[in-house]
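Sequence first, then the predicted structure, then my questions.
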Amino acid sequence: MSDLNAPTQELLDRLAIDDLLTRYAMAVDAADWELLDTVFTPDARIDYTSAGGIAGDRAQIKEWLALALAAFPVRQHLVGNKRVTIDGDTAAVRAYFFNPMYLQGPDGTQRYAPGGGYYNHSLVRTREGWRSRELVEEEVWREGLSDVAIPQLDE
């Protein structure tokens, strides 16, 4: 007789991981920075340098996202194809993202600035559920931002 617990747990883990990725995208799109506390571990390292952003801890990233994304009144992160490898209480995820955004200029006009690439997460199971202890965004392409300076946090 086969053990049904292992496949059932893997399905539950995959559903929880999918929910985590969705929660991340919705937190960023809604500017709900506190919701990111349910996505990342307190000591998480997050790296947006491939998109011209910063690498930092959860608190630094929340501050930077609020600053950098203020110029984008329309944003919608779509997380697509996912490769999830679960090993006990850790998991690795590589997920495609497509990010159609609009940049608002100083004169109030908006222009389309879409982009895409990969989210690379290292996850850990915690008492609260799956959390990302590392995210490395790998932006592969972006249009409409060649003349835009990405805000940085003061050192």
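Now that the structure is in, tell me what you want to look at. Numbering: from 1, shown residues only.

all helices of the chain, in order?
Secondary structure of the chain by DSSP state H: the helices cover 5-30, 58-68.

Redo those as JSON lines? Include distance to Asp43.
Heads up, the C-betas are built off the backbone N, CA and C, glycines and all. JSON lines is the format used below for the helices of the chain (distance: least, C-beta to C-beta, whole Å):
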{"stretch": "helix 5-30", "distance to Asp43": "17"}
{"stretch": "helix 58-68", "distance to Asp43": "8"}
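
Can I get those helices in JSON lines including mean pLDDT and mean neighbour count?
Supplementary listing: the helices of the chain in JSON lines, determined by pLDDT from 0 to 100; neighbours: other C-beta atoms under 10 Å:
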{"stretch": "helix 5-30", "mean pLDDT": "96", "mean neighbour count": "15"}
{"stretch": "helix 58-68", "mean pLDDT": "97", "mean neighbour count": "17"}
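
Arg94: which of those is closest?
helix 5-30 (11.1 Å; C-beta to C-beta).

Run the chain-centre distance for the closest one.
13 Å (C-alpha atoms, centre = their mean, to the nearest Å).

Show me what that helix is packed against.
strand 78-87, strand 90-99, strand 115-126, strand 129-142 (3 or more C-beta pairs under 8 Å, 6 or more residues apart in numbering; DSSP states H and E).

contact partners of the second one?
The set of residues external to strand 90-99 that reach it, using C-beta atoms under 8 Å, 6 or more residues apart in numbering, is 13, 17, 21, 25, 75-85, 114-125, 130, 137.

With the longest one instead?
The set of residues external to strand 129-142 that reach it, using C-beta under 8 Å, 6+ apart, is 13, 16-17, 20, 24, 38-41, 43-48, 50-51, 53, 91, 97, 113-124.

Run through this structure and note the low-pLDDT ranges.
Across the chain, the ranges flagged by pLDDT under 70 are 1-4, 147-151, 155.

hmm, 80 instead?
The chain contains residues with pLDDT under 80 at 1-5, 145-155.

Report the central residue of it.
Tyr24 (5.3 Å; C-alpha atoms, centre = their mean).

Hmm, that one is touching Asp37, no?
No: look at Tyr24 against Asp37 with C-beta atoms under 8 Å: they stay out of range, at 11.4 Å.
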